[in-house]
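Chemist: Sequence and predicted structure are below.
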Amino acid sequence: MTVLGFPCNQFGGQEPGTHEEILEFARSRYDATFPIFERVRVRGKRACELYRYLTSRKANPKGKPDVTWNFTKFLVGPDGEVLARYEPRVTPEEIADDLANHL
């Protein structure tokens, strides 16, 4: 299993810095050791292709594809199938069983 991070500045301007500044913040504040990619757009007409794919496969709890806030999480199988979607307030600890079931 691999966690991948995709910073986005579309939610309250929370990630306005350079890629290096975002990496430093994530590593020093959250002890992030997983790959963190360049900042992307995750909603709207200019959303990156990855998020268009993810959100087209799993809607949010209101039945819409939109990512509503940072820290939305997607569980993707090795074949690229989107297995689950977790909204921002769902913690990694809360999805541990789902992760274990898909290893």
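Modeler: Structure's in. What do you need?

Chemist: which residue ranges form the helices in this structure?
Modeler: Using DSSP state H, the helices of the chain run over 19-30, 49-57, 96-101.

Chemist: Columns mean pLDDT on top of these, output as a markdown table?
Modeler: Formatted as a markdown table, those follow (pLDDT from 0 to 100):
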| stretch | mean pLDDT |
| --- | --- |
| helix 19-30 | 94 |
| helix 49-57 | 96 |
| helix 96-101 | 90 |
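
Chemist: Where does pLDDT dip in this protein?
Modeler: Nowhere does the chain drop to pLDDT under 70.

Chemist: how about 80 then?
Modeler: For the chain, the stretches with pLDDT under 80 are 1, 103.

Chemist: burial of I95, as a residue count?
Modeler: If you count neighbours by other Cβ atoms under 10 Å, I95 ends up with 14. To be clear about C-beta, it is placed using only N, CA and C from the backbone, and glycine gets the same treatment.
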